[in-house]
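Colleague: Below are the sequence and a predicted model; questions follow.
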Amino acid sequence: MTDTFWIAGTVLILVALAFVLYPVFFHKPRARLEADLRNQNLLAYRTRLKELENERDAGILDEDSYRQLKEELAGAMLDDVPEDAEVEPRVPGRRSAMVVALLALIVLPVGTYYGYERWGSLDQVEQFIAMQEMGDAQGDQVARMVELAEQLRLRLEESPENPDGWAMLGQTYMRIEQYGKAAEAYQRLAEVMAEDTNASAVALGLAAQATYFGSEGEMTPAVREAIAAARALNPDEVNALGLMGISAFGDQNYQQAIEYWQRILDVAPDHPQIAAIRGGIEEAYRRLGQTPPEQTGAEPQQPTGPGVSLRVSLDDGLKRDIDNEAVLFIFARPAGASGGAPVAVAKLTAGDLPSEIRLDDRYAMSPDSAISGQDDVVVVARVSRSGSVNPQPGDWEGRVEASVLPASEVEQPVELVINQELTN
């Protein structure tokens, strides 16, 4: 990009100099033009005089006619050269003009280069180009996205005062599931937006979300620290509230989950995932065995969106070996993905099995990563002996691939049987 810019700039400078230098080097002085004209007239006079002599010698003209035409030709020759014509003195300046032009040829490119280095914004132009290419490459392979993200990161390191660039970099790292780098990008965004408390809090909330995804849904100390930083600037930062609600729900602290999610409804009634948040609140009330209260201003509940209906069960041979209080995690990931954040997560206990559940956007971990945006998913149900979301030897799991369908198209739930012990 830099080489292309300077090549184009050099070409434009040379074109501009051509308009200045051409008259200096190729312009003919007036005296020279007049001399050329007199030489042409003299040549014409001599040619015509020769013709008259030939015509006289050939007998075409008699002596009187020849003499008369010769006098007329001489008179015409004198008319072309005025009697009062004077030789104009040569005006000095051509040499000085050439010196000025040559100086311009040297000073203009050098001055342009150092001037742009001092006051130009090529770094911002390069950042914009990289951001634009990243936006155009969303449908390309992950390798291309990784390359463009690295280019943008380098541009931002050189000129970090670009909040749009850091925001796009964070979003890109989230898409390619490089959550650690996404968290760093959002942290830098928070620093750039430090004067805007609310914007900085949102950036820290997104950093917490990226860290949470990187931990595969585990509320690690790093996640809690990021949440605390966001809420220190804005106690009602919605990304942080959403994570705390998910964590509380996963810990079966349904009342606290309701309080966090309800706060989102109060402070951000136009949240893009408002329906999913309300669905989560209703599910938390159901788990408590309570009827959800009527929500002021709430819209009528729409039919459940796209998702996967499941019937999860334990293999008959395992029922006596697994404690009813053991934690059961159910994850849905995009089909073909080797890892990364799930698009839906549910947490039950082994004692709840067999159980039917529909994974839809109510179980999304993020508005940007929801099951409704997938065509097919791989669903994993894992009984964790340690209670950790990360797989451990001795855990039992089952998995199945299923299509994401609207509720109206589901005839029978997909059977998911937990029957495989993890050994490493």
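Modeller: Sure thing, it's come through.
Colleague: Going by C-alpha atoms from here, please, whenever you check contacts or count neighbours.
Modeller: Will do.
Colleague: Least confident secondary structure element in this protein?
Modeller: Lowest mean confidence among the helices and strands of the chain (mean pLDDT, DSSP states H and E): helix 122-136, at a mean of 48.
Colleague: Name the next helix or strand following that helix along the chain.
Modeller: helix 142-158 (DSSP states H and E).
Colleague: Would you state the strands of the stretch 301-424 of the chain in chain order?
Modeller: 308-314, 327-334, 344-349, 355-359, 376-384, 396-403, 414-418, 420-421 (DSSP state E, counting those that start in this stretch).
Colleague: what's next to the fourth one, contact-wise?
Modeller: Contacts to strand 355-359, defined as CA atoms under 8 Å, 6 or more residues apart in numbering, come from residues 307-313, 332, 344-346, 371, 413.
Colleague: Name the nearest of those relative to residue 232.
Modeller: Ranked by distance to residue 232 (CA to CA), the contacts of strand 355-359 are led by residue 345 at 27.7 Å.
Colleague: Can I get the strands of the stretch 301-424 of the chain in TSV including mean pLDDT and mean neighbour count?
Modeller: Formatted as TSV, the strands of the stretch 301-424 of the chain follow (pLDDT from 0 to 100; neighbours: other CA atoms under 10 Å):
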stretch	mean pLDDT	mean neighbour count
strand 308-314	92	21
strand 327-334	88	24
strand 344-349	83	21
strand 355-359	89	17
strand 376-384	91	23
strand 396-403	92	19
strand 414-418	93	19
strand 420-421	88	15
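Colleague: do you know which of these lies nearest residue 158?
Modeller: Nearest to residue 158 among those is strand 327-334; the distance by CA to CA comes to 35.9 Å.
Colleague: and the contacts of strand 355-359, which two are the farthest apart?
Modeller: 313 and 371 (21.8 Å).
Colleague: could you dump stretch 346-353 to CSV, C-alpha only?
Modeller: The C-alpha coordinates for stretch 346-353 follow below in CSV (Å, rounded to 0.1, in the frame of the first residue of the first chain):
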residue,chain,number,x,y,z
ALA,A,346,-27.7,-25.3,28.7
LYS,A,347,-26.8,-26.6,32.2
LEU,A,348,-28.8,-29.3,34.0
THR,A,349,-28.0,-32.1,36.4
ALA,A,350,-27.8,-35.8,35.7
GLY,A,351,-30.9,-36.3,37.9
ASP,A,352,-33.0,-34.4,35.3
LEU,A,353,-32.4,-37.1,32.7
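Colleague: Can you show me the CA trace of stretch 224-232 as PDB?
Modeller: In PDB, the C-alpha atoms belonging to stretch 224-232 read as follows (Å, rounded to 0.1, in the frame of the first residue of the first chain):
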ATOM      1  CA  ARG A 224     -14.600 -11.800  36.600                       C
ATOM      2  CA  GLU A 225     -11.800  -9.200  36.600                       C
ATOM      3  CA  ALA A 226     -12.900  -7.900  33.100                       C
ATOM      4  CA  ILE A 227     -16.600  -7.800  34.300                       C
ATOM      5  CA  ALA A 228     -15.600  -5.900  37.400                       C
ATOM      6  CA  ALA A 229     -13.600  -3.400  35.300                       C
ATOM      7  CA  ALA A 230     -16.600  -2.800  33.000                       C
ATOM      8  CA  ARG A 231     -19.100  -2.400  35.900                       C
ATOM      9  CA  ALA A 232     -16.700   0.000  37.700                       C
END
